[in-house]
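Visitor: build the 3D model from these lines:
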Amino acid sequence: MSDLNFAPGKSVPRSSDVEPWIVVIADDEGDVHLITRMVLKNFVFEDRPLELISTYSGEETVQLLEKYPNTAILLLDVVMESYTAGLDAVDAIREKNGNREVRILLRSGQAGYANVSEVIQQYDVNAFIRKEQITNQNLKDAVLVALRSYRDIQTAKNRGA
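Guide: I've put the predicted structure just below:
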């Protein structure tokens, strides 16, 4: 079912006076987008909903984050159009684009392909989640922790400005 494509969308209707947290779901499998949207549909943090935007390749993800540098979280698949598409996207986002604020949560369904310890040491990611081990609550918890981190980065940045 990886041929399903969903248009970028929101999981919660956006109120004109509340800015949502932008969360990008980057995965080449449509089912992953669908399930992630279902799990995070009513997620709210500090009275702000999530705006879930979908991308289906590493290249598309890098381009989207250039357009939306205020993205709070990137749920990024490791293997998309190539075995290293997600990791290549991390390098482009962090090094080429200089975006150190977005919290990158790598997700991999390729057991054994990516050594978790090596990936965490070599790439500037904030978490590594194996798809086969994640539960609805684990995903919500990971998003909550990442949003807190992103909020704190924004607070510190605004105080220094």
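Visitor: could you confirm Arg159 falls within a helix?
Guide: Yes. Per DSSP: H, G, I helix; E, B strand; the rest coil, Arg159 lies within a helix segment.
Visitor: what's the spacing between it and Ile153?
Guide: Remark: distance between Arg159 and Ile153 (Cβ to Cβ, to the nearest Å) = 11 Å. From N, CA and C alone the C-beta is placed, and that goes for glycine too.
Visitor: try Ser108
Guide: Distance of Ser108 to Ile153, computed by Cβ to Cβ: 25 Å.
Visitor: more neighbours: which of those two?
Guide: Here Ser108 and Ile153 are set side by side on neighbour count (other Cβ atoms under 10 Å), and the busier one is Ser108, at 20 against 15.
Visitor: contact partners for that one?
Guide: 77-79, 86, 114, 128-131 (Cβ atoms under 8 Å, 6 or more residues apart in numbering).
Visitor: before we move on, which element is the nearest residue to Lys157 once chain neighbours are set aside in?
Guide: Leaving out its chain neighbours, the residue that sits closest to Lys157 by Cβ to Cβ, 6 or more residues apart in numbering is Glu101, at 7.6 Å. Glu101 is part of no helix or strand, with elements assigned from DSSP states H and E.
Visitor: what's the neighbour count on the closest residue to Asp28 other than its chain neighbours?
Guide: By the measure of Cβ to Cβ, 6+ apart, the closest residue to Asp28 outside its immediate chain neighbours is Met80, 4.2 Å from it. Summarising burial for Met80: neighbours were counted as other Cβ under 10 Å, giving 23.
Visitor: which element is Met80 on?
Guide: According to DSSP H and E, Met80 maps onto no helix or strand at all.
Visitor: i'd like the first residue to be 58 from this point on
Guide: Renumbered: residue one is now 58, and that last one reads Met137.
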